[in-house]
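>>> Sequence first, predicted coordinates after that:
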Amino acid sequence: MVNEITMAELTAALAARKVHAIYDNRGAASYGALHIKGALNLPVADVAAGKVLPADKRAFLVFY
């Protein structure tokens, strides 16, 4: 299931420690220059292959 959230909702979820992980889906160069602090670089191709995602299918994951 995919849901869009606002920045305010993300900020609240982070403060409440509900977010399991934040993933930046851009290329390495963009990630290096512009990623959100604490975000992991996970290119779209790796997401499609199921790499690095947690086993818990209910985990709160944020992709941008």
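Cool, the structure landed.
>>> the strands in this structure, which residues?
19-24, 40-41, 60-63 (DSSP state E).
>>> So which of these is the most surrounded?
With neighbours defined as mean count of other C-beta atoms under 10 Å, these peak in mean count at strand 19-24, which reaches a mean of 17. Glycine gets a C-beta too; all of them are placed from N, C-alpha and C.
>>> Parallel or antiparallel, which strands does that one pair with?
Here strand 19-24 has these sheet partners by DSSP bridges: strand 40-41 (parallel), strand 60-63 (parallel).
>>> Make a markdown table out of these and add mean pLDDT.
Below are these laid out as a markdown table (pLDDT from 0 to 100):
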| stretch | mean pLDDT |
| --- | --- |
| strand 40-41 | 92 |
| strand 60-63 | 92 |
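>>> just so I know, which of the strands of the chain lies nearest residue 10?
Among the strands of the chain, the nearest to residue 10 by C-beta to C-beta is strand 60-63 (6.4 Å).
>>> Output the strands of the chain in TSV; the columns should cover distance to residue 52.
Listed next are the strands of the chain as TSV, based on distance: least, C-beta to C-beta, whole Å:
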stretch	distance to residue 52
strand 19-24	8
strand 40-41	7
strand 60-63	10
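>>> out of the ones you listed, nearest to residue 6?
Relative to residue 6, the nearest member of the strands of the chain by C-beta to C-beta is strand 60-63, separated by 11.9 Å.
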